[in-house]
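1. let's see this in three dimensions:
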Amino acid sequence: MKKHATRPAVLLLVLHSFFFAPLLNSQDVILQGFYWNTHPGDVNNTTSGGIWWDTLATVAPEVAAAGFRTVWTPPPTKSFAGVWDMGYGMYDYFDLGEYLSKGTTRTRHGSRGELDAMIAAMHNNGLLVMADVVLNHRGGADGQAMYQVGGNNGFTIFTPPSGRITGGPEDFHPNNQHPDQDPDYHNPIFFEDVCYFNEADSDPPTNPDGTPGSWFFGAPAISGSMGDSLIMWGRWLVNDVGYDELRLDAVKHIDPWYVAKFLVETKNGTQPFAIGESFDYGLSNLANYHNAVETSPNSGTKPAKISLFDFPLRGALKSVLNNTSGSTDLYQTLGGAGLVWGSSMTGFDVVTWLESHDTDREGYVNASSGCPIPYGSSCLELHTESDHDPVFSDKEDMGYPFLMAAEGRPVVFWKDWYWYGLSEDIKWQMALRETTATGSSDHIQNMGGSWPTDPPYDGDNHGGNMFAMRRDGLSGGVSDGMVLGLNDDDDKEHAVYVNTPF
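-> I've put the predicted structure just below:
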């Protein structure tokens, strides 16, 4: 048995499927407060028929009591498919359910008044509200025009009813500033691709009331009229509408120089916490993007801060959890997995997750025949998209325990909490996280100890049934620090000697 002077080795006996020893400074657990194609309410009532903002307001007290800090909410803006749009088909940035367009006044989620009431309910219960912000693209154009470059027509004319942030060919790729549609930052993979640097200048945008902007944080400031307008919109969401934190959609396709400028200008003083969604499983790609944002000179005198979703870790966990035979090598698959262990990023740079609206793709659509789910005067049905790719096994006894023990800020998916009956398990795992999951972390491959050879511990488990993680704590093992053990063998106990912080 290997020993360290300050970290004695202990025998970690693990039954299927996990064990916390002992108890976790919360890094503020996030509840994803929606799923793909949330219930749209009565779609024939396009003024007050939405239910989602009201749903979130109703659950605010119990969400706060469960220990969540933030509720991540869907995009609030009017989008191209009207009452059916989840909000990712961005059309009118300043229409939060107030103007008649795309066949509806309200959004899929409700009216502006219901949105305001939801945010107030969250704040009254001590919760932060995260806005899902779509900067990359714009859809539902009011007309077509030729691109500035290339000779082809694009859907680039926008005259939204709010009267704010109109659009023309100069605002989309290809244009005079960027005469191409090349990946990763100029290709129109979702609707028309927004250009932030058209007519690039160093002038700050105007305030929402039309007065000159006063939040310019220093040269070099490279942005254009559309980039300036979106910065002003971001400030409005935070300072006027009342959002506290931001999730930036599809940042893989947004120039990091613009992301940096957008983040630092969104609010005077401390920048809101922000997560970037870069749908990429490459460790180096994510780490490089993160570094490009945080070291960008375009943020001027105020450094930008961004966290990224840990797609590589989710991929590793999915491969373990969905292999119900228990034949996955946990030791090799989880040892060193993810951005914290596999790159130079820290837990403060990372948001961990198992499921989201992009992987669990079942939700409500208009009924194709009959009326399987009546609501008001509408007929709905549940529909699963072709890119449905969920984790379907062992979330509560291996997946969420890993997230609650690990560095990074964890996200709990709405359906896991409210649809799939996992709330009680996740709740006590969150409570453990709150008290002991502090300090740096390490995995079994670096934790010392040895594999026992005597029954009943089955010393041959080095083949992959056993995984362990250590959090070192901040008190030298006096009041925090922990060890997590995982075992994917349904019918055997396994054990390993590991060095601990206590």
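2. the closest residue to Leu248 other than its chain neighbours and Ala304: what is the separation?
-> In this structure, Leu248 finds its nearest non-sequential neighbour in Gly276, 4.9 Å apart by CB to CB, 6 or more residues apart in numbering. Backbone N, C-alpha and C define where each C-beta goes, glycine included. Here the criterion is CB to CB, to the nearest Å. By it, Gly276 lies 11 Å from Ala304.
3. quick check, Gly473 in contact with Thr500.
-> No. With contact defined as CB atoms under 8 Å, Gly473 and Thr500 do not form a contacting pair (9.9 Å).
4. please enumerate the shared neighbours of those two.
-> By CB atoms under 8 Å, 6 or more residues apart in numbering, Gly473 and Thr500 have these common neighbours: Gly481.
5. more neighbours: which of the two?
-> Between Gly473 and Thr500, Thr500 has the larger neighbour count (other CB atoms under 10 Å), namely 25 against 21.
6. my read: the more buried one touches Arg471, true?
-> No. With contact defined as CB under 8 Å, Thr500 does not reach Arg471; the gap is 9.9 Å.
7. re the thing from before, now do the phi/psi pair for the residue nearest to Leu248.
-> For Gly276, the backbone dihedrals (degrees, to the nearest 10) come out as phi -100, psi 130.
8. can you pull the contacts of it?
-> Listed by CB under 8 Å, 6+ apart, the contact set of Gly276 reads 248, 251, 259, 289-290, 293, 306-309.
9. now it: how far from Ser296?
-> Using CB to CB, Gly276 is found at 13 Å from Ser296.
10. quick check: neighbours shared by the two?
-> Common contact partners of Gly276 and Ser296 (CB under 8 Å, 6+ apart): Val259.
11. buried residues of stretch 65-74, list them for me.
-> Of all the residues in stretch 65-74, those buried under the rule 16 or more other CB atoms under 10 Å are 66-74.
12. quick check: the farthest pair among those residues?
-> Gly67 and Pro74 (22.3 Å; CB to CB).
13. centre of the chain versus stretch 370-377, how much separation?
-> Put simply, stretch 370-377 sits 32 Å off its chain's centre (CA atoms, centre = their mean, to the nearest Å).
14. now do stretch 106-118
-> Stretch 106-118 has its C-alpha centroid displaced from the chain centroid by 21 Å (CA atoms, centre = their mean).
15. what is the end-to-end distance of that stretch?
-> Using CA to CA, to the nearest Å, one end of stretch 106-118 lies 15 Å from the other.
16. same check, this time on stretch 41-59
-> 17 Å.
17. swap in stretch 357-364?
-> 13 Å.
18. and what of stretch 44-52?
-> 15 Å.
19. what mean pLDDT would you report for it?
-> For stretch 44-52, the mean pLDDT works out to 98.
20. going by neighbour count, list what's buried in it.
-> 45-46, 49-52.
21. in helices only, show me those residues.
-> The helices, defined by DSSP state H, take in Trp52 from those.
22. next, give me the two most distant ones among the buried residues of stretch 44-52.
-> Thr46 and Trp52 (14.6 Å).
23. identify the contacts common to Thr500 and Arg471.
-> What both Thr500 and Arg471 touch, as defined by CB under 8 Å, 6+ apart, is the set 481, 483.
24. residues near the nearest residue to Tyr331 once chain neighbours are set aside, how many?
-> Spatial nearest neighbour of Tyr331, excluding adjacent residues (CB to CB, 6+ apart): Gly464 at 5.1 Å. Gly464: 18 surrounding residues under other CB under 10 Å.
25. I'd assumed Gln332 was in contact with Gly464.
-> Yes. Gly464 lies in contact with Gln332 (CB under 8 Å); the separation is 6.5 Å.
26. residue ranges with poor pLDDT in the stretch 351-500 of the chain?
-> Applying pLDDT under 70 to the stretch 351-500 of the chain flags the ranges 447-463.
27. quick revisit: now tabulate the contacts of Gly276 in CSV and tack on distance to Ser377.
-> Shown next, in CSV, are the contacts of Gly276 (distance: CB to CB, whole Å):
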residue, distance to Ser377
Leu248, 37
Val251, 40
Val259, 43
Tyr289, 46
His290, 48
Val293, 47
Ile306, 44
Ser307, 43
Leu308, 43
Phe309, 39
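28. which of these are buried?
-> Applying 16+ other CB under 10 Å to the contacts of Gly276 flags 248, 251, 259, 289-290, 293, 306-309 as buried.
29. of these, which belong to helices?
-> Among the buried ones among the contacts of Gly276, DSSP H puts 259, 289-290, 293 in helices.
30. rewinding a little: now, which of the buried residues of stretch 44-52 sits nearest Leu237?
-> Nearest member of the buried residues of stretch 44-52 to Leu237, counting by CB to CB, is Trp52, at 17.7 Å.
31. which residues touch that closest one?
-> Neighbours of Trp52 in contact, by CB under 8 Å, 6+ apart: 34, 38-41, 74, 108-110.
32. repeat that for Leu313.
-> Contact partners of Leu313, counting by CB under 8 Å, 6+ apart, are 337-339, 352, 406, 408.
33. can you get me a residue count around the nearest residue to it once chain neighbours are set aside?
-> Nearest residue to Leu313 in three dimensions, chain neighbours excluded: Gly338, at 3.1 Å (CB to CB, 6+ apart). When neighbours are defined as other CB under 10 Å, Gly338 has 25 of them.
34. Gly338 contacts Thr352, correct?
-> Yes. Taking CB under 8 Å as the definition, Gly338 is a contact partner of Thr352 at 7.4 Å.
35. tell me, what's touching the two both at once?
-> Both Gly338 and Thr352 are in contact with 310, 313, 406, 408, where contact means CB under 8 Å, 6+ apart.
36. most neighbours out of these, which is it?
-> Neighbour counts for the shared contacts of Gly338 and Thr352 (other CB under 10 Å) peak at Asp310, which has 32 neighbours.
37. circling back: can I get the buried ones among the contacts of Gly276 in a markdown table including distance to Ile165 and pLDDT?
-> Converted to a markdown table, the buried ones among the contacts of Gly276 look like this (distance: CB to CB, whole Å; pLDDT from 0 to 100):
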| residue | distance to Ile165 | pLDDT |
| --- | --- | --- |
| Leu248 | 17 | 99 |
| Val251 | 20 | 98 |
| Val259 | 18 | 96 |
| Tyr289 | 26 | 96 |
| His290 | 28 | 97 |
| Val293 | 23 | 95 |
| Ile306 | 23 | 98 |
| Ser307 | 27 | 98 |
| Leu308 | 27 | 99 |
| Phe309 | 27 | 99 |
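38. having no further points to raise, I will conclude here.
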